[in-house]
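Undergrad: Just the structure for this:
(chains A, B, C and D)
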There are 2 protein chains.
Amino acid sequence: MAKATSFDIAYKAGVSQSTVSRALRNSPLVNEETRLKVQQIARELNYKVDKHASSLRTQQSNTIALLLFEDPTNDDSLINPFFLSMLGSITRACAQKGYDLLVSFQQSSNDWHADFEDSKKADGLILLGYGDFVDYEEKLLQLSQQNTHFIRWGAPVKNDKIVSVGCDNFHGGYQITEHVIKNGRTKFAFLGDASSHSPEFLDRYHGFCQALTDNKLSINSELQIDAISVEDSGYQAACQLIKKGIEFDAIFGASDLIAIGAMRALQEHGIKIPEQVAVVGFDDIAVASFTIPALTTAKQDTKLAGELLVDNLIALINGETPETTLMPTTLIVRKSCGN
Amino acid sequence: MAKATSFDIAYKAGVSQSTVSRALRNSPLVNEETRLKVQQIARELNYKVDKHASSLRTQQSNTIALLLFEDPTNDDSLINPFFLSMLGSITRACAQKGYDLLVSFQQSSNDWHADFEDSKKADGLILLGYGDFVDYEEKLLQLSQQNTHFIRWGAPVKNDKIVSVGCDNFHGGYQITEHVIKNGRTKFAFLGDASSHSPEFLDRYHGFCQALTDNKLSINSELQIDAISVEDSGYQAACQLIKKGIEFDAIFGASDLIAIGAMRALQEHGIKIPEQVAVVGFDDIAVASFTIPALTTAKQDTKLAGELLVDNLIALINGETPETTLMPTTLIVRKSCGN
DNA sequence: CTGAAAGCGCTTACAG
DNA sequence: CTGAAAGCGCTTACAG
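TA: Predicted coordinates for the structure are as follows:
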């Protein structure tokens, strides 16, 4: 049998289809008794409102689209666990607020058609992912001009029409670096892209530099090596670092994945962690507590992040003007930094 | 400005709205020149087809809904990483096939309303998650009776109207157990629910038992302790096991999370892995390669799984009759089993 | 409190 | 090759 429509219910209940619609939406306009009867029949017929019809009519979908940008190299491998965890918390937050979540991946290389399309299916967009921010920003402006409701995860941007939720990467970077300095390290390397292409990493780097400066330690730019947030990239960067032959006793990985790759490189070269080199990361992905030694890191609270992202987007959809939020990171001390 | 409709384009192009619709869908019925003009104008106006309208009209949404059932205890904690990884691969597979993916969580406790609702928004459903299978099965039958297109991840069920994709849990359990037996272990414990409530775990348990039997080792049911796929549950089960005071030299965790929890318990009790007790898991989640010692496990190929799930569901939607698929697992030998 | 009617933006027979 | 028209299943003014 085909799916039941509101007309089928109307027929069975002996009322008009308008009344059925009202009864189902618990309109106060409808008689208690009528409402109960209609709802009863709806249940019997296993009737559910057709989302497409109601969305078309009301011009809103109660759906949020999540666009996940992937790291360019990440051809076919697993998704960055940090974003996966964000995905989980966003899904939860949406469910709680009664929104559906449409998930899609964007290839950074892509022509970004999909996002515009999604803007027709969803009331708003959440943008998630690293990627080259320079390309990225331009697209953001386009979205903004189209009056698309969207919010992004990441470092705040100057443009005040673009609302972001992100961590205080500067302070997080500062805090964890300072912790390692107190441990007695003096020669710091930084593994991660430190350019405007990756604003989050850049902020961490700035925090890192500031901590060094405040503690009268020098910053050796030879010890900063680019890497993207992929384990292997961290590994490569660390190998490169080691090859340089410049002494260092601490590595700040711009993300946990980078730090973990670096640890692998160090171990392969027989360098002891943390005795010879302290290693710290950023994110606190699940794996971080299981590495050998366990990784000290700056935790980004993905649960809170998901909630803020969803709440702010819904505010935006409702015509409010939420502000860019900066969440604090939490220093998680484990073994890899020598405590 | 409001969003452009096909009428706006028709007006600008000096053709009828029907022609616009045809041109946009690349209908061969429309004149080349007309088509190009229409498409050009559509681009200029940043026009996108309204999905709700077209879905309402065509009665299909090109959307797949993913229902993720959570482990009952998993109140607010992180999602099982294995499913998170499945989520990732399903998202990818959908994108590749041109389907949107609607993600939603189900509280196992729930009255399962949401799934029916989702069946109106999506052309088909993917069901993912453990949970009490006894409750679960009944709902599956309901879905099936409603002619909902759906496919599930997990052990095959007898009912041939229900299509599943899953791993060969029996063989995976057999294989990994046999590997540990060859390592010289003789007193095996199994941590995980081994009842019809968790068919996947049960199949692994059967494979485990079969391997023991084939190798003339005895099965001590005192050494099987229930646990669900959560790290802490594995920890608790192992503590219980230790408290029993019965000797054992190998633990088969029904999932990696359980095995990892068990390893923590062993270590807290000063029991050396793998010297005194070998530990193996199932899944090969990302964390498995980072534990100390690294965890030997039976890998489930989530990438392939996601593809099969999506492909089979699309086949179902298209009126074909895909069959239940059993994927092989791969033995991943690491340190925790003593090699 | 209820019903008849319009209309959301498409797709697709039907007629030319 | 093109257009006029119906209709997908709702929600919501409008009239009573």
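Undergrad: Alongside DNA strand C, which residues does chain A contribute?
TA: For chain A, the residues in contact with DNA strand C under the definition Cβ under 7 Å from any atom of the strand are A:15-19, A:22, A:28-32, A:34, A:53, A:56-57, A:59. No exception for glycine: its C-beta is placed from N, CA and C like everyone else's.
Undergrad: Domain boundaries for chain A, per the record?
TA: Residue ranges for the domains of chain A, per automatic domain parsing: A:6-49, A:63-167+A:302-328, A:169-300+A:332-337.
Undergrad: For those domains, could you give me TSV that also reports mean pLDDT and mean neighbour count?
TA: TSV is the format used below for the domains of chain A (pLDDT from 0 to 100; neighbours: other Cβ atoms under 10 Å in any protein chain shown):
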stretch	mean pLDDT	mean neighbour count
domain A:6-49	87	16
domain A:63-167+A:302-328	79	19
domain A:169-300+A:332-337	94	21
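Undergrad: In CSV, list those domains along with distance to B:Gln40.
TA: Formatted as CSV, the domains of chain A follow (distance: least, Cβ to Cβ, whole Å):
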stretch, distance to B:Gln40
domain A:6-49, 38
domain A:63-167+A:302-328, 16
domain A:169-300+A:332-337, 34
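Undergrad: Out of these, the one nearest B:Leu304 is which?
TA: B:Leu304 lies closest, by Cβ to Cβ, to one member of the domains of chain A: domain A:63-167+A:302-328, at 11.7 Å.
Undergrad: so does that closest one get close to DNA strand D?
TA: No: applying Cβ under 7 Å from any atom of the strand, one finds domain A:63-167+A:302-328 separated from DNA strand D by no less than 13.9 Å.
Undergrad: Next, report how far that domain is displaced from the centre of its chain.
TA: Once both centres are worked out by Cα atoms, centre = their mean, to the nearest Å, domain A:63-167+A:302-328 turns out to sit 7 Å from its chain's centre.
Undergrad: Between the two ends of it, how far is it?
TA: 29 Å (Cα to Cα, to the nearest Å).
Undergrad: ditto for stretch A:126-139
TA: Taking Cα to Cα as the measure, stretch A:126-139 stretches 14 Å from start to finish.
Undergrad: Could you do stretch A:17-32 as well?
TA: 16 Å.
Undergrad: Show residues contacting that stretch.
TA: The contact list for stretch A:17-32 (Cβ atoms under 8 Å, 6 or more residues apart in numbering or on different chains) reads A:Ser6, A:Phe7, A:Ile9, A:Ala10, A:Ala13, A:Val15, A:Thr34, A:Arg35, A:Val38, A:Gln39, A:Ala42, A:Val49.
Undergrad: Return the residues in contact with the residue nearest to A:Ser16 when sequence neighbours are not counted.
TA: In this structure, A:Ser16 finds its nearest non-sequential neighbour in A:Ala10, 5.8 Å apart by Cβ to Cβ, 6 or more residues apart in numbering or on different chains. Contact analysis of A:Ala10 by Cβ under 8 Å, 6+ apart lists A:Ser16, A:Gln17, A:Thr19, A:Val20.
Undergrad: where do the strands sit along the stretch 101-250 of chain A?
TA: Remark: strands assigned in the stretch 101-250 of chain A by DSSP state E, counting those that start in this stretch are A:124-128, A:150-153, A:163-167, A:188-191, A:224-225, A:250-253.
Undergrad: In TSV, list those along with distance to chain B.
TA: Shown next, in TSV, are the strands of the stretch 101-250 of chain A (distance: least, Cβ to the nearest Cβ, whole Å):
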stretch	distance to chain B
strand A:124-128	12
strand A:150-153	15
strand A:163-167	18
strand A:188-191	18
strand A:224-225	23
strand A:250-253	15
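Undergrad: Make TSV from those and add distance to A:Asn80 to it.
TA: Formatted as TSV, these follow (distance: least, Cβ to Cβ, whole Å):
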stretch	distance to A:Asn80
strand A:124-128	10
strand A:150-153	12
strand A:163-167	15
strand A:188-191	16
strand A:224-225	20
strand A:250-253	14
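Undergrad: Nearest to B:Leu331, out of those strands?
TA: So among the strands of the stretch 101-250 of chain A, strand A:250-253 is nearest, using Cβ to Cβ, at 31.6 Å.
Undergrad: And that closest one, how far out from the chain middle?
TA: How far strand A:250-253 lies from its chain's middle: 23 Å, per Cα atoms, centre = their mean.
Undergrad: Quick one: residues in contact with whatever helix or strand comes next after it.
TA: Remark: after strand A:250-253, the chain's next helix or strand is helix A:256-268, criterion DSSP states H and E. Applying Cβ under 8 Å, 6+ apart, the external contacts of helix A:256-268 come out as A:80-82, A:191-192, A:227-239, A:241-242, A:251-253, A:273, A:277, A:279-285, A:287-288, A:291, A:295, A:297, A:336, B:290.
Undergrad: Just checking: what are the partner strands of the helix or strand just after helix A:256-268?
TA: Following helix A:256-268 in sequence order, the next helix or strand is strand A:278-283 (DSSP H and E). Using DSSP bridges, the strands paired with strand A:278-283 are strand A:250-253 (parallel), strand A:296-299 (parallel).
Undergrad: out of the contacts of A:Ala10, who's near DNA strand D?
TA: Restricting these to those near DNA strand D by Cβ under 7 Å from any atom of the strand leaves A:Gln17.
Undergrad: In helices, which of the contacts of A:Ala10 fall?
TA: In helices, judged by DSSP state H, the following of the contacts of A:Ala10 are found: A:Gln17, A:Thr19, A:Val20.
Undergrad: Against chain B, how distant is the last one?
TA: For A:Val20, the distance to chain B under the criterion Cβ to the nearest Cβ, to the nearest Å works out to 16 Å.
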